[in-house]
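Q: Whatever this is, show me its structure:
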Amino acid sequence: MLIVFLLTILCLSIALHLYYLIRYVRIRTESLLRKYINTAVVNLVTAGICIIIAIFYPEQIRKIRGPLLMWLISGVLMILAFLLQVSILIRIYNRAKLPEHYHYNFFGKKVLHSSVARPMEVALFFASIPMFLAAGAYFVARFIRFFI
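A: This next block holds a predicted model:
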């Protein structure tokens, strides 16, 4: 079970590493650079421990139940993609209420400007849909198969 725990920490750390990389490229603050470097160190140490365990205790690797691990990872990916989509929709909805993002036309109807949805948010929203659908389909299919 130790190796499964380490692999889970490694997956989460890699996800955080990518998140901090993207944030650092966009904002360029020293705190994000430190977090990026710290996650790189955690990734190296965790991967090194996993390699040492795999070399000296290969039976630990054989004990890993791959389908169960994939099911858990797909569930986490599905939840993360869903939370990303919901957070983008909430931001766009809140921005649509601000008066600098709309005007009223001749008939008194509210017309939204294109500044309501930023291009990066639209791209992230549509890029996360296939990930949500694929991970969700696998997660639900394995969940249903578990009970049948």
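
Q: Quick check: next helix or strand after the biggest helix by length in the chain?
A: In terms of residue count, the longest helix belonging to the chain (DSSP state H) is helix 66-96. Counting by DSSP states H and E, the next helix or strand C-terminal to helix 66-96 is strand 102-104.

Q: Of all the residues in that next one, which ones are buried?
A: For strand 102-104, a neighbour-count test (16 or more other Cβ atoms under 10 Å) marks Y102 as buried. For glycine as for every other residue, the C-beta is placed from the backbone atoms N, C-alpha and C.

Q: So which elements touch the helix or strand following that strand?
A: Next in sequence after strand 102-104, counting helices and strands by DSSP H and E, comes strand 110-112. Other elements packing on strand 110-112 under the criterion 3 or more Cβ pairs under 8 Å, 6 or more residues apart in numbering; DSSP states H and E are strand 102-104.

Q: which ones are touching the most centrally placed residue in the chain?
A: When the chain is reduced to its mean C-alpha position, the closest residue under Cα atoms, centre = their mean turns out to be L80, at 4.7 Å. For L80, the contacting residues are A15, by Cβ atoms under 8 Å, 6 or more residues apart in numbering.

Q: tell me the domain boundaries of the protein?
A: Annotated domains of the chain cover 1-64, 65-148 [automatic domain parsing].

Q: Is it possible to get those domains out as JSON lines so that each row also shows mean pLDDT?
A: Formatted as JSON lines, the domains of the chain follow (pLDDT from 0 to 100):
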{"stretch": "domain 1-64", "mean pLDDT": "90"}
{"stretch": "domain 65-148", "mean pLDDT": "90"}
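
Q: I'm done for today, thanks for sticking with me.
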